[in-house]
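J.: Give me coordinates for this.
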Amino acid sequence: MDFPDEPFDAVISTFVFCTVPDPLKGLSEVYRVLKKGKYAYFLEHMRREKWHLNITLSMMNLLTKPLLRTSMLRRTRDNILKAGFTIVHEENLLNDVVKLMVVRR
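T.: Predicted coordinates:
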């Protein structure tokens, strides 16, 4: 992103990190442009915690990946943590596939 470091007080992302080519790089950019101590809000779908429940998502992924360029199997929660954020609130909205996450830089 073409912004200086830390210009934003908040970042809101809805169903973005299932489609960006390099989600960890994108999340690292969000981290970079967010002011220290401020919050980002993520509403995302992601891989389920129990592997056997991902069978349905894997079948859906056969269609969504080539048609929509979106992955149903991303480990978005893990990537948010790898980017350096701290999770302050996490809410499952559709089992553990769709989550609302509030994170702090």
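J.: Can you tell me the SS state at T19?
T.: coil (DSSP: H, G, I helix; E, B strand; the rest coil).
J.: residues touching it, list them.
T.: Contacts for T19 (C-beta atoms under 8 Å, 6 or more residues apart in numbering) come out as 68-71. Where you see a C-beta, it was placed from the backbone N, CA and C, and this is true even at glycine.
J.: Most neighbours among these, which one?
T.: S71 (20 neighbours; other C-beta atoms under 10 Å).
J.: Just confirm that one is within a helix.
T.: No. Applying three-state DSSP, one finds S71 to be coil, outside a helix.
J.: Counting by contacts, list what the stretch of helix or strand L27 belongs to packs against.
T.: Here L27, judged by DSSP states H and E, is contained in helix 23-33. With contacts taken as 3 or more C-beta pairs under 8 Å, 6 or more residues apart in numbering; DSSP states H and E, helix 23-33 sits against strand 8-14, helix 76-82.
J.: 6 Å instead?
T.: helix 76-82 (3 or more C-beta pairs under 6 Å, 6 or more residues apart in numbering; DSSP states H and E).
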